[in-house]
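Visitor: Fold the following, please.
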Amino acid sequence: MSYPESIDSRGEALVTPGAFAAAHGRNTLTVWPNFLVGQDDKPVRVILIDDDEHMQRVVAQELMLDARTLLVGMASSVKEGRRLIKQHEFDVMLVDVNLNDGLGYSLIELMKFQRPSAEAIMFSIMESDEQVLRAFEVGATGYLVKHSWFGNYPQAVLQVANGGAYITPHLARRLIQKFDARNGTSSARSESSGSRESELLSQREKEVLRNVANGYTSAEIATRLEISMLTVNSHIKNIYRKLRVRTRAQAVQFASLRKLF
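Guide: Numbering: from 1, shown residues only. Below you'll find the model as predicted:
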């Protein structure tokens, strides 16, 4: 049986998801709103970077079995990952923390510079809180634990591609408990700090941040507020600087926790 193919960074053939799914009698979800990213005729493009060959095959198969996601390239090292990021147009990068020649964090930083509109999901066999927090600090919007019963790679890809974030449920619960414990001992200090940070943002910056939180792009925010896209991006940079964050997801999360709007 033959399938239409694409090629990865090492010149190896990749079966397209529609052909793979059709050949194996699999279909995508019948209920998938047409306003969401990831339609059969325009799937979310994914690159996968992992040096564990077995895990790479497992994740690749999951992505190819869902016609809403399109695997456009695979790599197994930081070096190959850099080339993949530069050579391919993609929407989401799935990257392991520990690769045979370095750490995946550096690839997220490169992706944010080279493909600023793309999203990154980090995954690892480890469940270290420090690893998770660092992943989000460098710009990831998802974190999955390998071999978790609750891990779903296509779902994670679709979640972040549609403006959300994704984290393995039990890991999320542990982080929430950790946050609650910390918040319980410093609530008064957080309230005063939040009010000071709120005062740092101008009324226009709060409007821009509120629109970012609602999922609007810079172009859409410019139209809604009747200002130029250059002005919107300038406001966003100021928000990042004032709140000491690096990404839209971090800014929205910070503002939501501190009730800045």
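Visitor: C-alpha only now, for contacts and for neighbours.
Guide: Will do.
Visitor: any low-confidence regions in the stretch 101-250 of the chain?
Guide: Applying pLDDT under 70 to the stretch 101-250 of the chain flags the ranges 149-151, 178-199.
Visitor: Strands along that one, start to end?
Guide: For the stretch 101-250 of the chain, strands defined by DSSP state E, counting those that start in this stretch occupy the ranges 102-103, 119-124, 142-145, 166-167.
Visitor: From the contact counts, what lies against the first one?
Guide: Helices and strands in packing contact with strand 102-103 are not found; criterion 3 or more CA pairs under 8 Å, 6 or more residues apart in numbering; DSSP states H and E.
Visitor: for P33, phi and psi?
Guide: Here is the backbone geometry of P33 (degrees, to the nearest 10): phi -50, psi 140.
Visitor: ugh, wrong one, I meant M74
Guide: Dihedral angles for M74 - degrees, to the nearest 10 - are phi -130, psi 150.
Visitor: Numbering from 633 from now on, please.
Guide: Shifting the count to begin at 633 puts that one at M706.
Visitor: how far away is the spatially closest residue to V789 that is not a sequence neighbour from K874?
Guide: Among residues not flanking V789 along the chain, V724 sits closest, at 6.6 Å (CA to CA, 6 or more residues apart in numbering). For V724, the distance to K874 equals 28 Å [CA to CA, to the nearest Å].
Visitor: Same check on N843?
Guide: Distance of N843 to K874, computed by CA to CA: 18 Å.
Visitor: Neighbour count: those two, which is higher?
Guide: The neighbour comparison of N843 against K874 (other CA atoms under 10 Å) goes to N843, with 19 against 14.
Visitor: how near is Q809 to G796?
Guide: Q809 is 21 Å from G796, where distance means CA to CA.
Visitor: Which stretches in the stretch 783-893 of the chain count as helices?
Guide: Assigned by DSSP state H, counting those that start in this stretch, the stretch 783-893 of the chain shows helices spanning 785-793, 801-817, 819-832, 835-845, 850-857, 861-875, 880-890.
Visitor: Pick the most deeply packed of the ones you listed.
Guide: Across the helices of the stretch 783-893 of the chain, averaging neighbours per residue (mean count of other CA atoms under 10 Å) puts helix 785-793 on top, at a mean of 21.
Visitor: now that one against strand 751-756, angle please.
Guide: Relative orientation of helix 785-793 versus strand 751-756 (axes from the mean of the first three to the mean of the last three CA atoms, to 10 degrees): 140 degrees.
Visitor: I'd like the strands of the stretch 733-882 of the chain laid out as TSV, including mean neighbour count and distance to E837.
Guide: Putting the strands of the stretch 733-882 of the chain into TSV (neighbours: other CA atoms under 10 Å; distance: least, CA to CA, whole Å) gives the following:
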stretch	mean neighbour count	distance to E837
strand 734-735	14	35
strand 751-756	25	24
strand 774-777	25	26
strand 798-799	21	27
